[in-house]
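**Student:** give me coordinates for this.
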Amino acid sequence: MSRMFVHVKRSTLPLLLVVCLAALSFSYAFADDSARPLAVTVIGDPDAAVAGKFAVGSASVGTKALTVTGVIDFLGAGTVHNYFTQGAGNNMQINTNVDEANTVADASRSQWKLVLGSNLDWFSIRRSPAGGVYNEDALFFIEGSTGNVGIATVDTANGASIPFTPQARLHVETASGDAVRGVTTATAGRGVTGYASATTGSAYGVYGESSSIGGRGVYGVASATTSQVAGVYGQSDSSQGAGVWGVANASSGSAVGVNGTSSSTDGYGVNGVAFATTGANYGVNGRSNSTSGFGVYGANWSTAGWAGYFAGAVHVNGTLTKSAGAFRIDHPLDPANRYLNHSFVESPDMMNIYNGQVTLDDAGEAWVELPGWFDALNQDFRYQLTPLGASMPDLYIAQEIQDNRFLVAGGVPSMQASWQVTGIRHDAYAEAHRIPTEEDKPAGERGTYLYPELYGQPADLAAPQLQAHLPELPPTEEP
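**Tutor:** Numbering: from 1, shown residues only. Have a look, this model is predicted:
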């Protein structure tokens, strides 16, 4: 037999496989018939008749260098085999760890299969676990028509098709544990990064959704015990954007768009900061469209705590209602150790109080000049005069308020008198928002109390607005 020279340039794994199989077929072709395995048939003469082409199995020599019909078997240890074969739908398959000593119904070993689809246009990696009946699950697959990648455990019923359609470029699904977990040890790295590069539309860098009654669409944990770390950090560069946006779509129940909790003795459940030094920016902005809702609701169930505490000026653009009012300052005589409190002066009317002192002229009279806006703000005046330094039994109001002044008369010349005037507001806002002295409770609040304990009633008879509170989330387990 003449010698055969094989020149292999830039060999690849498939080419190496072809060469190995060709060499194997050569050895079969020129070995004694008694030494040749009965399962292998070589058709053709590699030196002449078929121009170096081979066919293995019950097939004619094709146009390729090697034509195989049936299964290519890479024999492992004992009765273990690894197959290279063609499956249903013209799928190219690689089967590993097959134990020919057992039937398909007795899968004694974990078996893996690589399927390169043709008619089905899928690529998949499948596995049948050890024990029991052979049952093939697809674990990793690519849908050729879309390029979408799926990672899941999908029972194929040992068929060629995969009953699972990836809904995204990468679709990961699991019945237990984490579907996706990203970890970085870099000091400035990101475990998971999401980026939406579109400049219009409702694009999301990261989108999370949960259908569980105790689930979280997005859950973040910062486990560091020092520094200003964040479990979830949101940032927006838009002039109308939001760093973090929460929406509760439920039409009933105590649904929460954004919920913040803190277990620290010095912590914040929700912390809002506006860093801009100009403009109408808001550290925290709350709004409600309900007639019985609250833009911002604060509650403190401690008898000594505060439902709300403001360090700075506070403006209420509306009516402020309260159960009591007072000012509190450091006590002028012992500011380090005591407070001084004074209660507000209350009235059933929207009343303003003005007072002062005036010196009487030689006729025992004096005009009291009031601010230029006095008449525009007030009506229904009440007067009080008190003589100072001498008895003045005839002291009286000679002329009531007109053109923002009034006349005091009947006093002792050159002496002083103290005066006080009250007026009821009649400005535009006051006229539109009179405060009723008495009113019936709305239907939803009847039978309830602002302070049930003061009337010997149980706490569950507190007014609905006092019972409103954020729902407590189920205990959180760290992932």
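**Student:** all helices of the stretch 101-250 of the chain, in order?
**Tutor:** In the stretch 101-250 of the chain, no helices are defined using DSSP state H, counting those that start in this stretch.
**Student:** run through it and note the low-pLDDT ranges.
**Tutor:** 101-109, 118-119, 132 (pLDDT under 70).
**Student:** where do the strands sit along the stretch 251-400 of the chain?
**Tutor:** Assigned by DSSP state E, counting those that start in this stretch, the stretch 251-400 of the chain shows strands spanning 326-330, 339-343, 351-359, 366-369, 378-388, 396-399.
**Student:** next, format these as TSV and append distance to residue 194.
**Tutor:** Glycine gets a C-beta too; all of them are placed from N, C-alpha and C. Below are those laid out as TSV (distance: least, C-beta to C-beta, whole Å):
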stretch	distance to residue 194
strand 326-330	49
strand 339-343	52
strand 351-359	58
strand 366-369	69
strand 378-388	61
strand 396-399	76
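**Student:** pick the most deeply packed of those.
**Tutor:** Counting by mean count of other C-beta atoms under 10 Å, strand 366-369 has the highest mean neighbour count of the strands of the stretch 251-400 of the chain, with a mean of 16.
**Student:** who's in contact with the residue nearest the centre of the chain?
**Tutor:** Nearest residue to the geometric centre of the chain (C-alpha atoms, centre = their mean): residue 218, 4.8 Å. Contacts for residue 218 (C-beta atoms under 8 Å, 6 or more residues apart in numbering) come out as 206, 208, 232.
**Student:** what of residue 167?
**Tutor:** residue 148.
**Student:** next one: phi and psi at it?
**Tutor:** Here is the backbone geometry of residue 167 (degrees, to the nearest 10): phi -90, psi 0.
**Student:** ditto for residue 443
**Tutor:** Taking degrees, to the nearest 10 as the convention, residue 443 sits at phi -60, psi -40.
**Student:** so for it, what's the pLDDT?
**Tutor:** Residue 443 carries a pLDDT score of 91 in this model.
**Student:** same check, this time on residue 425
**Tutor:** On the pLDDT scale, residue 425 gets 97.
**Student:** residue 475 now?
**Tutor:** pLDDT, residue 475: 51.
**Student:** and if you look at residue 77?
**Tutor:** Reported pLDDT for residue 77: 63.
**Student:** same thing with the one 4 residues further on?
**Tutor:** With respect to pLDDT, residue 81 has a value of 66.
**Student:** cool, residue 454 as well?
**Tutor:** Taking residue 454 on its own, its pLDDT is 94.
**Student:** check residue 259 too.
**Tutor:** Looking at residue 259, its pLDDT is 78.
**Student:** ditto for the one 10 residues further on
**Tutor:** At residue 269, the model reports a pLDDT of 81.
**Student:** again, but for residue 6
**Tutor:** On the pLDDT scale, residue 6 gets 37.
**Student:** dump the C-alpha coordinates for stretch 189-197 into PDB.
**Tutor:** C-alpha atoms of stretch 189-197 as PDB (Å, rounded to 0.1, in the frame of the first residue of the first chain):
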ATOM      1  CA  GLY A 189     -18.000  47.900  40.600                       C
ATOM      2  CA  ARG A 190     -21.600  46.900  40.100                       C
ATOM      3  CA  GLY A 191     -23.100  43.500  40.800                       C
ATOM      4  CA  VAL A 192     -25.800  44.200  38.200                       C
ATOM      5  CA  THR A 193     -26.000  47.100  35.800                       C
ATOM      6  CA  GLY A 194     -29.000  48.000  33.700                       C
ATOM      7  CA  TYR A 195     -29.000  50.700  31.100                       C
ATOM      8  CA  ALA A 196     -31.700  52.100  28.800                       C
ATOM      9  CA  SER A 197     -30.100  54.300  26.200                       C
END
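**Student:** show me how the record splits this protein into domains.
**Tutor:** 13-69, 75-172, 351-432 (automatic domain parsing).
**Student:** strands along the stretch 51-200 of the chain, start to end?
**Tutor:** For the stretch 51-200 of the chain, the strands defined by DSSP E, counting those that start in this stretch cover 54-56, 66-68, 71-75, 80-87, 91-99, 111-116, 122-128, 137-143, 149-155, 170-172.
**Student:** how many residues are close by the nearest residue to residue 352 once chain neighbours are set aside?
**Tutor:** Ranked by C-beta to C-beta, 6 or more residues apart in numbering and with sequence neighbours excluded, the top spatial neighbour of residue 352 is residue 423, at 5.2 Å. For residue 423, the neighbour count with other C-beta atoms under 10 Å is 21.
**Student:** check residue 350 too.
**Tutor:** Neighbours of residue 350 (other C-beta under 10 Å): 18.
**Student:** show me the contacts for it.
**Tutor:** 424, 425, 430, 434, 435.
**Student:** name whatever forms a beta bridge with the second one.
**Tutor:** It refers to residue 425. Residue 425 has the following beta-bridge partners by DSSP bridges: residue 378.
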